[in-house]
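> When you get a sec, could you give me coordinates for this:
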Amino acid sequence: MVGWRTATKAESATAIWDVRTHADSISNTEPLPGQLINWWPAMLQCCRKGLFANLISRYRALLPPGSPLDDGKFIPPQWALPRQLSELAATVEARAAEAKSRGKPAPIYIVKPDAGSMGDGIVLTPDPCKSSWDASKEKVVQQYIGTPLLLDGLKFDLRLYVLVTSTCPVRAFLFREGLARFAVDSYVAPTRENMRNVHMHLTNYSLNKKCDNFRHSDAADGGDDGSKRTVSSVFAALKASGQVADIEALWEQIGALVGRSLAALQPVLTTNATSQPCFQVLGFDVLLDSKAQPWLLEMNDHPSFRIDLSFDEPGQYSLNGLNSIPSPVDEAIKVPMLAAALRVVAKERGLCVRRRTKKTRRAPAGRAKGRADGVVEEVEAEAVEAIAAECMQVEMEDDGATEADVDDDDARGELTVQREASGLRRAAEDAPDGAERFAAGGAHGTAFYEVPTDEEAAEGFALLMRLTDLFVRHTPPSVRREEGDPRARAMASADPLAVPGPRWRGTAPFVSFLQAGGVLAKGFAGSGSLSRPDVDIIVLSICGKGGSMDVLDFCEACAKVARRVWPDRTGAHPSELLTALLDTYFPSD
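Sure thing, here's the model as predicted:
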């Protein structure tokens with residue numbers, strides 16, 4: 001299928017598929033130098049709803065007006081509670097007053113538990129700041145998109161797959177096929193009477209599969225009325241109904257959404273750069289509004305590769321379902337997607353990829369299996385089937401539901417691989433070659449299309465990247481050594497909104513940085529406009545007593561320093577002051 005086979009020992013593998021979850025503090029498998037592994041450092045944390053919302057909000061405060069996060073496209077406004085409660089309250093009050101003046105109802109917000117799964121705890125409300133809610137629990141609030149694009153009167157979302165092959169800089173490929181997941185009750189704009197109808201407003205598979213209106217189809221594309229269908233069949237139906245004029249343009253818009261979302265992670269991913277070769281398949285949940293404009297609902301760092309439908313018989317009650325039947329639509333998408341992903345990874349890494357042959361050829365004498373130079377034996381392809389079968393055994397559930405992500409906290413394991421991969425392997429053996437089936441001009445003859453660099457987004461994030469490069473360059477060696485220790489990383493912070501990566505402890509590293517640029521005079525004399533006590537106050541205000549400074553804290557601290565250096569520029573935007581600080585004191589960096 002793709003020219004890979006499963007290895008019996010980790011040390012002989014070219015690549016390791018390690019199933020990691022939000023519950024894992026460190027990897028179950030520490031790869032050898034040169035071995036590929038299927039996750040990027042910090043990606044797990046970056047895909048958490050709360051951290052992502054916090055990053056977006058803090059970026060917006062630093063970037064200039066009209067920046068990529070300020071143009072009202074792709075990423076809806078969102079807040080992480082309780083940390084951003086005051087900001088949310090001000091926004092809710094202002095928007096409610098504006099709606100009232102126009103004679104319209106107050107906007108609706110969707111509230112999700114940060115660590116929720118399978119739709120548990122999701123609420124639609126015009127008042128997301130209710131004092132009666134448990135303020136100690138982390139939640140994420142998003143502006144609810146109340147005018148979704150409908151098909152047959154039903155709301156749906158898209159589960160799309162993105163392969164990330166590099167993070168410095170980010171390089172990604174969008175698979176131009178996926179799953180469309182439908183709500184099961186006809187959609188009506190939210191009112192106080194219907195806001196609790198989860199089967200109308202949520203496209204969460206785990207919720208809707210238990211409803212009598214859920215439609216399971218034996219057709220490979222999900223059929224005309226299936227509750228889960230292929231994206232290509234849904235796009236064709238939307239074009240036939242006149243709701244989408246140009247499918248190619250829609251895919252390009254979705255690609256721009258992916259590019260912007262990953263660009264927002266670039267500062268964090270840069271500070272977590274690794275010499276270990278990595279790749280990762282992410283799940284993007286996307287909603288189309290009534291104008292067919294795509295919106296990001298969330299990203300999943302561990303999308304499900306299950307190809308069955310689990311359910312309970314009448315009288316049975318379980319979390320995920322005690323019974324299962326094959327799901328042809330899942331099989332039709334996920335098997336060839338995984339095959340294409342491994343083919344792209346192999347080609348991008350310079351591995352030797354050959355088509356499946358009936359007979360296995362022996363490797364030439366002296367050629368070791370799984371060598372670091374990446375020569376892959378020409379053998380019957382088992383890897384993709386084993387990966388999906390392994391994930392099927394260890395995953396908790398779901399395709400990563402839309403309005404709630406699936407944390408799969410109990411899922412753990414690694415693929416080196418020793419278990420027998422059964423169901424998915426048999427399906428792949430009977431199916432046509434996945435790479436050929438979807439080949440349509442994408443990367444290396446697959447349906448994975450490279451996400452183009454958005455020059456506008458790159459220019460908009462340029463200020464943050466300049467600051468990020470400074471943070472990396474001035475990070476003390478002791479911090480780098482600590483960051484290289486997996487156990488130290490695991491104990492770094494229990495805060496779910498903590499930005500992963502190096503952390504400067506105390507004020508000394510920030511003071512040294514400012515002195516290196518001449519912003520702060522060496523010693524305590526303070527001959528310039530900034531004194532050492534000023535710096536202490538700034539660090540304390542951002543990091544708290546005894547706290548540490550991550551890359552976003554660093555950016556915000558620099559903004560406060562710039563405000564102290566130019567106190568007369570009271571009306572200047574933080575981005576203007578930051579640019580002046582960098583151009584004046586760090587022009588060559």
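> So what are the structural domains in this structure, by residue number?
For the chain, the structural domains run 46-72+146-325, 461-585, going by automatic domain parsing.
> Pipe these into CSV and attach distance to residue 347 per row.
Quick note: C-beta positions are derived from backbone N, CA and C, even for glycine. Shown next, in CSV, are the domains of the chain (distance: least, CB to CB, whole Å):
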stretch, distance to residue 347
domain 46-72+146-325, 10
domain 461-585, 28
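> Pick the most buried one from the ones you listed.
Burial of the domains of the chain is given as mean neighbour count (mean count of other CB atoms under 10 Å); domain 46-72+146-325 ranks first at a mean of 19.
> chain center to it: distance?
11 Å (CA atoms, centre = their mean, to the nearest Å).
> With stretch 99-107 instead?
On CA atoms, centre = their mean, the centre of stretch 99-107 falls 34 Å from that of its chain.
> Let me know whether residue 80 touches residue 114 as I believe.
Yes - contact criterion CB atoms under 8 Å: residue 80 and residue 114 qualify, at 7.2 Å.
> Which one's more surrounded, these two?
Between residue 80 and residue 114, counting by other CB atoms under 10 Å, residue 80 is the more crowded of the two (27 against 23).
> Can you give me the distance of that one to residue 178?
27 Å (CB to CB, to the nearest Å).
> ditto for residue 104
For residue 104, the distance to residue 178 - CB to CB - is 34 Å.
> One more: residue 350?
Residue 350 sits 28 Å away from residue 178, going by CB to CB.
> Low-confidence regions, the stretch 401-550 of the chain specifically.
Applying pLDDT under 70 to the stretch 401-550 of the chain flags residues 401-440, 484-494, 523-528.
> coming back round to it: looking at the domains of the chain, which has the lowest confidence?
Within the domains of the chain, the stretch with the lowest mean pLDDT is domain 461-585, showing a mean of 87.
> quick one, helices of the stretch 51-200 of the chain?
Taking DSSP state H, counting those that start in this stretch, the helices of the stretch 51-200 of the chain run over residues 85-101, 198-201.
> Just put those helices in CSV and tack on distance to residue 309.
Formatted as CSV, these follow (distance: least, CB to CB, whole Å):
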stretch, distance to residue 309
helix 85-101, 38
helix 198-201, 17
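> what does the one helix or strand residue 553 maps to rub up against?
Taking DSSP states H and E as the criterion, residue 553 maps to helix 551-565. Residues from elsewhere that reach helix 551-565, judged by CB atoms under 8 Å, 6 or more residues apart in numbering: 55, 58, 62, 267-268, 271, 464, 467-468, 470-471, 499, 501-502, 504, 510, 514, 519, 529-530, 534-535, 538-539, 541-543, 549, 574, 577-578, 580-581.
> right, and the helix or strand after it?
helix 574-585.
> And that following helix, how far out from the chain middle?
31 Å.
> still on that earlier bit, give me the subset of the contacts of helix 551-565 that lies in strands.
Using DSSP state E, 504, 549 are the members of the contacts of helix 551-565 that sit in strands.
> Tell me which residues touch the nearest residue to residue 499 once chain neighbours are set aside, please.
Of all residues not flanking residue 499 in the chain, residue 550 sits nearest, at 4.1 Å (CB to CB, 6 or more residues apart in numbering). Residues near residue 550 by CB under 8 Å, 6+ apart: 271, 498-499, 501-503.
> all strands of the stretch 201-350 of the chain, in order?
228-230, 280-288, 294-300, 308-311, 323-326 (DSSP state E, counting those that start in this stretch).
> I figured residue 499 was touching residue 268, is that so?
Yes - counting by CB under 8 Å, residue 499 touches residue 268, with 5.9 Å between them.
> Need the overlap of contacts for those two.
Residues touching both residue 499 and residue 268 (CB under 8 Å, 6+ apart) are 55, 551.
> Buried residues, stretch 129-148. List them.
Neighbour-count burial for stretch 129-148 flags 129, 133, 138-146, 148 (criterion: 16 or more other CB atoms under 10 Å).
> Make a markdown table out of these and add distance to residue 12.
Listed next are these as a markdown table, based on distance: CB to CB, whole Å:
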| residue | distance to residue 12 |
| --- | --- |
| 129 | 56 |
| 133 | 52 |
| 138 | 42 |
| 139 | 46 |
| 140 | 43 |
| 141 | 48 |
| 142 | 46 |
| 143 | 50 |
| 144 | 51 |
| 145 | 49 |
| 146 | 54 |
| 148 | 49 |
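> Out of the residues you listed, flag the one nearest to residue 230.
For the buried residues of stretch 129-148, the residue nearest residue 230 by CB to CB is residue 148; the value is 18.9 Å.
> What are the neighbouring residues in contact with the residue sitting nearest the centre point of the chain?
The centre of the chain sits closest to residue 299, judged by CA atoms, centre = their mean, with a distance of 3.3 Å. Counting by CB under 8 Å, 6+ apart, residue 299 makes contact with 46-47, 52, 261, 282-285.
> Run through the residues that contact the nearest residue to it once chain neighbours are set aside.
In space, and not counting its chain neighbours, residue 299 is closest to residue 47: 4.5 Å by CB to CB, 6+ apart. By CB under 8 Å, 6+ apart, residue 47 lies in contact with 282, 298-301, 405.
> do you know how far residue 47 is from residue 349?
Residue 47 is 23 Å from residue 349, where distance means CB to CB.
> How many neighbouring residues does residue 348 have?
Burial of residue 348 is recorded as 17 neighbouring residues (other CB under 10 Å).
> If you tally nearby residues, what's the number for residue 109?
24.
> does it really touch residue 130, like I thought?
No - Residue 109 is beyond contact range of residue 130, at 10.8 Å (criterion: CB under 8 Å).
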